[in-house]
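Chemist: okay, here's the prediction I keep looking at, along with the sequence it came from:
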Amino acid sequence: MLFGHKNNKLQVDLGDLSEEKQHLTEFLKSTLKVEVNSNQGKLELDSEKIQPQELQRVVTKFVYKRNLNNAYWVSVEGGTAKINRFKGAKKPDKDKKKSSGHQTITQSWGL
């Protein structure tokens, strides 16, 4: 900390949700009104007004809005909000075709 100037660089570690990077970037920009930069698998926010806990709350809100909360959770480690996958949770498949797992009564009776 030089001359009382606090450089508060916050990061969001996307983990294995790299395909959500663009959506999360737009969500953070609109919600927190800050500039967001992309750096490898992480997003960086340069703001002195936002605390890590506030960032965690907003990222958790994003996870819920994208309906990812059954497989992912958000933690804070220092100045980094990290999106973690629950153990045993499968990675969402985008190419998975929805199949009809049940038969209608007409199909089961052969009508």
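Modeler: Looks like it came in fine.

Chemist: what segments of the chain are strands?
Modeler: 9-13, 36-39, 42-46, 72-77, 80-85 (DSSP state E).

Chemist: quick one: the helices in this protein?
Modeler: 21-32, 52-65, 105-109 (DSSP state H).

Chemist: residue 43: which of the ones you listed is closest?
Modeler: Residue 43 lies closest to helix 21-32 among these, at 6.2 Å (C-beta to C-beta). (Glycine included, C-beta is placed from N, CA and C.)

Chemist: least confident of the helices of the chain, on average?
Modeler: The minimum mean pLDDT among the helices of the chain belongs to helix 105-109 (a mean of 65).

Chemist: returning to that earlier point: which of the helices of the chain sits closest to residue 76?
Modeler: helix 52-65 (4.7 Å).

Chemist: taking the centroid of this protein, which residue is nearest it?
Modeler: residue 63 (4.8 Å; C-alpha atoms, centre = their mean).

Chemist: these two touch, right, residue 53 and residue 76?
Modeler: Yes - using C-beta atoms under 8 Å, residue 53 is in contact with residue 76, at 6.5 Å.

Chemist: residue 22: neighbour count?
Modeler: Using other C-beta atoms under 10 Å, residue 22 is surrounded by 10 other residues.

Chemist: nope, residue 83 is what I meant
Modeler: Residues near residue 83, counting by other C-beta under 10 Å, number 21.
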